Structure formats: structure tokens, C-alpha cells
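**Q** below are the sequence and a predicted model for it; my questions follow.
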Amino acid sequence: MSQQTFAVAMSELEEIVRKLEQGDVPLEEAIDLYKKGMELSQFCHEKLQNAEQQLISIVNENGEKQPFEPTNGEGSL
């Protein structure tokens with residue numbers, strides 16, 4: 001999947017799911033669609049993880065970036 005965007009991959013994945021849910025796809029085609037869907041799902045998952053890693057940082061009081069730790073501050077309310 002060279003240079004594929006997340007939006008295109010999601011669109012393709014939604015189309016595959018729609019076809020498979022209709023249930024009128026021949027078995028061989030259904031297997032191929034399932035495999036393609038799994039590849040697209042993995043691609044989207046990796047894109048989301050990459051985006052999450054880029055976005056999960058906060059700026060501390062000194063203006064320095066630091067990793068966001070969801071458990072920091074827990075119980076300090």
C-alpha cells in the first residue's frame with residue numbers, strides 16, 4: 001500500500017464490510033475481500049497509532065514538551 005491515505009483506506013474498508021455484510025459474494029471473492037480488509041485494517045491501525053504518538057505530548061510549565069502520562073495526577077483531584 002504505497003502512499004495510501006488513511007481516508008482512502010477507511011473508505012475501501014467500509015466498502016469491503018458493506019459487500020461482506022450483504023452476504024451475496026461468492027466464497028472465493030469473500031475470502032479475498034476479507035484478506036484485503038485485514039490489510040486495510042492493519043494499515044489504518046498503524047496510522048492511528050503513529051498519529052497518537054505524535055499528538056500525545058504536553059507542554060509543561062516551562063514550555064518544554066514532555067510525554068503525556070494518563071496516570072499522572074491521578075488521585076490528585
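**A** On my side now, so go ahead. Because the structure is predicted, anything quoted here is derived from the model rather than measured.
**Q** what does stretch 11-23 contact?
**A** V25, A30, L33, Y34, K36, G37, L40, S41, C44 (Cβ atoms under 8 Å, 6 or more residues apart in numbering). To be clear about C-beta, it is placed using only N, CA and C from the backbone, and glycine gets the same treatment.
**Q** make sure F43 is actually in contact with T5.
**A** No: using Cβ atoms under 8 Å, F43 is not in contact with T5; the gap is 10.0 Å.
**Q** sorry, back to before: neighbour-wise, give me the winner out of the contacts of stretch 11-23.
**A** L40 (22 neighbours; other Cβ atoms under 10 Å).
**Q** tell me the pLDDT of that one.
**A** What the model reports for L40 is a pLDDT of 96.
**Q** is it in a helix, a strand, or coil?
**A** helix (DSSP: H, G, I helix; E, B strand; the rest coil).
**Q** save the contacts of stretch 11-23 as CSV, and put in distance to N50 too.
**A** Output for the contacts of stretch 11-23, formatted as CSV (distance: Cβ to Cβ, whole Å):
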residue, distance to N50
V25, 32
A30, 30
L33, 26
Y34, 25
K36, 21
G37, 20
L40, 16
S41, 15
C44, 11
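**Q** identify the residue nearest L33 in space, chain neighbours excluded?
**A** Once flanking residues are discounted, L33 sits nearest to I16: 5.0 Å by Cβ to Cβ, 6 or more residues apart in numbering.
**Q** let me fix that: K36
**A** I16 is the one closest to K36 (Cβ to Cβ, 6+ apart), at 6.2 Å.
**Q** am I right that that neighbour falls within a helix?
**A** Yes: under three-state DSSP, I16 sits within a helix.
**Q** how many other residues sit next to it?
**A** Counted by other Cβ under 10 Å, the residues lying close to I16 total 21.
**Q** measure it to Q53 for me?
**A** Separation of I16 from Q53 (Cβ to Cβ, to the nearest Å): 27 Å.
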